[in-house]
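> missing the sequence, but the structure's below:
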């Protein structure tokens with residue numbers, strides 16, 4: 001009587017633990033691989049009607065070669081391998097990653113494998129994506145650094161180690177501002193990391209120090225990291241070393257400036273080879289001021305440089321230097337020393353050549369532009385002086401003839 005009551009209770013327990021369970025469950029014959037039983041969850045997962053699924057062998061579902069599946073079944077029935085990972089093919093043809101826990105049990109004096117199957121496709125994809133991102137993070141050429149909300153370093157990739165010279169283990173947990181000594185090119189006293197927190201991001205070029213003290217020019221792009229509640233979790237900064245690129249750009253600018261200077265000097269020198277004006281030749285000879293009065297010539301070069309500085313100040317800072325009046329005075333002094341157009345052009349050329357080698361590109365560009373204007377105005381003033389002198393000379397000569 002007791003056995004008669006136990007049987008229905010056992011069947012009810014089996015139904016609850018196997019047939020009605022939400023996880024995929026299979027009973028598999030380890031000898032043939034035949035699926036002896038399967039629950040509704042298995043039918044739903046694999047996409048086969050329950051009776052059809054029970055007529056299949058596990059080899060029809062597992063993507064491994066049949067010989068390998070048989071080996072796995074034998075190891076599982078002998079308790080040598082119970083936690084397994086496979087790829088299972090569904091009725092639709094789709095292949096899913098599964099995690100299988102398989103243990104031998106006895107049913108009617110027969111050993112079978114009781115298997116619980118979990119679909120881990122999503123987890124596998126997430127793990128693969130994570131591995132890919134970690135690999136990507138370690139192999140990009142930009143330094144990628146993350147911090148917590150207190151701006152303490154949480155991650156420091158391989159490129160950051162190469163660019164800055166510190167190993168990750170030296171800096172993890174340390175305040176980022178303490179180690180990344182940063183100078184802003186916009187001269188703002190605020191930390192770029194603090195500004196990123198206030199403005200929800202920051203991008204620009206800065207100067208930062210390496211471990212060995214060398215200065216790097218860095219293009220930094222800082223973004224906020226938020227947690228699942230959209231609260232601030234920290235920052236991530238992607239830093240690109242622009243030092244070499246900016247050096248090349250500076251060298252190219254310098255080469256272009258030298259080319260421009262050469263063309264400027266060649267153009268001016270072509271002017272200096274033109275014959276003297278009739279007025280000049282008539283009034284004075286064609287002797288070089290540099291040869292006849294070298295000390296006075298050097299003083300004129302210095303005075304011309306002063307005029308260039310004042311022209312640039314007047315242009316950049318709106319400082320009034322009364323340049324036109326000073327240029328008229330300067331041209332008058334030149335005329336008193338019998339200077340001709342060639343002398344003026346020679347003064348102009350030597351003054352620019354003295355400034356060229358050490359001057360920054362942008363400043364030299366401004367000097368070239370201002371010097372052209374000064375040269376033209378100076379030449380015009382000088383011609384006016386000579387013409388006025390020549391006209392006055394002719395009037396005096398004519399008056400003497402009339403009196404004679």
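Perfect, thanks for sending it. All of these numbers come straight from a predicted model, not from anything done at the bench.

> where's the most centrally placed residue in the chain relative to residue 193, distance?
Against the mean C-alpha coordinate of the chain, by C-alpha atoms, centre = their mean, the closest residue is residue 240 at 3.9 Å. Taking C-beta to C-beta, to the nearest Å as the measure, residue 240 falls 17 Å from residue 193. Glycine gets a C-beta too; all of them are placed from N, C-alpha and C.

> secondary structure class for the residue lying closest to the residue nearest to the centre of the chain once chain neighbours are set aside?
In space, and not counting its chain neighbours, residue 240 is closest to residue 219: 4.5 Å by C-beta to C-beta, 6 or more residues apart in numbering. Secondary structure, DSSP: H, G, I helix; E, B strand; the rest coil: residue 219 is strand.

> one step back: what comes up buried for the helix or strand hosting the residue nearest to the centre of the chain?
According to DSSP states H and E, residue 240 maps onto strand 232-241. Neighbour counts over strand 232-241 (16 or more other C-beta atoms under 10 Å) mark 233, 234, 235, 236, 237, 238, 239, 240, 241 as buried.

> Give me the neighbour count for the residue nearest to residue 240.
For residue 219, the neighbour count with other C-beta atoms under 10 Å is 16.

> continuing past the one helix or strand residue 132 maps to, what's the next helix or strand?
If you go by DSSP H and E, residue 132 is part of helix 121-139. Following helix 121-139 in sequence order, the next helix or strand is strand 143-147 (DSSP H and E).

> Run the chain-centre distance for the helix or strand following that following strand.
For strand 143-147, the following helix or strand on the C-terminal side (DSSP H and E) is strand 153-156. Distance of strand 153-156 from the chain centroid (C-alpha atoms, centre = their mean, to the nearest Å) equals 19 Å.

> For strand 153-156, give me every contacting residue.
137, 143-148, 166, 168, 171-176, 179, 234 (C-beta atoms under 8 Å, 6 or more residues apart in numbering).

> Show me what counts as buried in that strand.
For strand 153-156, by 16+ other C-beta under 10 Å, it's 153, 154, 156.

> What strands flank it, and is each parallel or antiparallel?
When pairing is defined by DSSP bridges, strand 153-156 lines up against strand 143-147 (antiparallel).

> contact partners of the strand it pairs with?
In contact with strand 143-147 (C-beta under 8 Å, 6+ apart) are residues 137, 153-157, 159-160, 163-164, 176, 180, 193, 225, 234-241.

> same thing with stretch 167-185?
Contacts of stretch 167-185 (C-beta under 8 Å, 6+ apart): 145, 147, 150-157, 160-161, 164, 166, 190-193, 204-209.

> Select only the buried ones of the residues you listed in ChimeraX?
Buried subset of the contacts of stretch 167-185, written as a ChimeraX selection, criterion 16+ other C-beta under 10 Å:
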select :145,147,151,153,154,156,157,160,161,164,166,191,192,193,206,208,209
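
> List the buried residues of stretch 42-55.
The neighbour-count check on stretch 42-55 (16+ other C-beta under 10 Å) flags 42, 43, 45, 46, 48, 53, 54 as buried.

> and these as TSV, adding distance to residue 296 and pLDDT?
As requested, these are arranged in TSV below (distance: C-beta to C-beta, whole Å; pLDDT from 0 to 100):
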residue	distance to residue 296	pLDDT
42	108	95
43	109	95
45	102	95
46	104	96
48	108	96
53	110	95
54	115	94
